[in-house]
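# pasting the structure only:
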């Protein structure tokens, strides 16, 4: 069974504040998965030290937060402070971030020897060879950029974006226009008189093959594409 409660804390204006919270409900709020504050607080009390049962004075709360309402103060602490994660929560979050990092590197980099993306498994194996501390709250993309630099000595990596000109027949154009935005950014577009769609798409080089495959599946191979210099 999981922990019944954990602590969220923050320091503000030289004072320390803590609350006792439901671990999963508090984490979901912290991560933006919910905006619902109900069932988060175990007890509607703001502490200076929850483990010792030391409570903050109402005067100090009003002076620091402009209110002594425990729910409103708890919301500030959860958003701006830190949550003491349970062992299971930390393990799950780190594994989630690890997958995000691997996916980002695979999408956005290439092997300069082959000009093909590295398979996720190869990246995962290389990551086991470097000293790596994954932050459970830091954005996966931001951490991936740091990991790439550590991987370079053991895994050749090239970060590159491609600009691709495409022409899509009228019957597939509306659907393909939506797909493009999921792969990269649309730099230019033009609709011809017959309804054909011409566009210039910029996307990570590592996503080139999967983009072509997706385009081929949608148009049944009836498309034109060219990599621009």
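Okay, I see it. Remember, it's a predicted structure, so these values are computed and weren't measured experimentally.
# Can you show me the helices along this protein?
Along the chain, counting by DSSP state H, helices occupy 23-30, 58-65, 70-80, 87-108, 120-127, 140-151, 173-183, 208-219.
# Which elements pack onto the first one?
The helices and strands touching helix 23-30, judged by 3 or more Cβ pairs under 8 Å, 6 or more residues apart in numbering; DSSP states H and E, are strand 6-12, helix 70-80, strand 82-83, helix 87-108. Where you see a C-beta, it was placed from the backbone N, CA and C, and this is true even at glycine.
# now swap in the longest one and tell me
Other elements packing on helix 87-108 under the criterion 3+ Cβ pairs under 8 Å, 6+ apart are helix 23-30, helix 120-127, helix 140-151.
# now do the second one
In this structure, helix 58-65 makes packing contacts with strand 15-21, helix 70-80, judged by 3+ Cβ pairs under 8 Å, 6+ apart.
# And for the fifth one?
In this structure, helix 120-127 packs against helix 87-108, helix 140-151, with contacts taken as 3+ Cβ pairs under 8 Å, 6+ apart.
# okay, the helices and strands packed on helix 23-30 in a markdown table with mean pLDDT next?
Formatted as a markdown table, the helices and strands packed on helix 23-30 follow (pLDDT from 0 to 100):
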| stretch | mean pLDDT |
| --- | --- |
| strand 6-12 | 94 |
| helix 70-80 | 95 |
| strand 82-83 | 94 |
| helix 87-108 | 93 |
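# Please identify which of these is closest to residue 164.
Relative to residue 164, the nearest member of the helices and strands packed on helix 23-30 by Cβ to Cβ is helix 87-108, separated by 15.2 Å.
# This completes my enquiry, with thanks.
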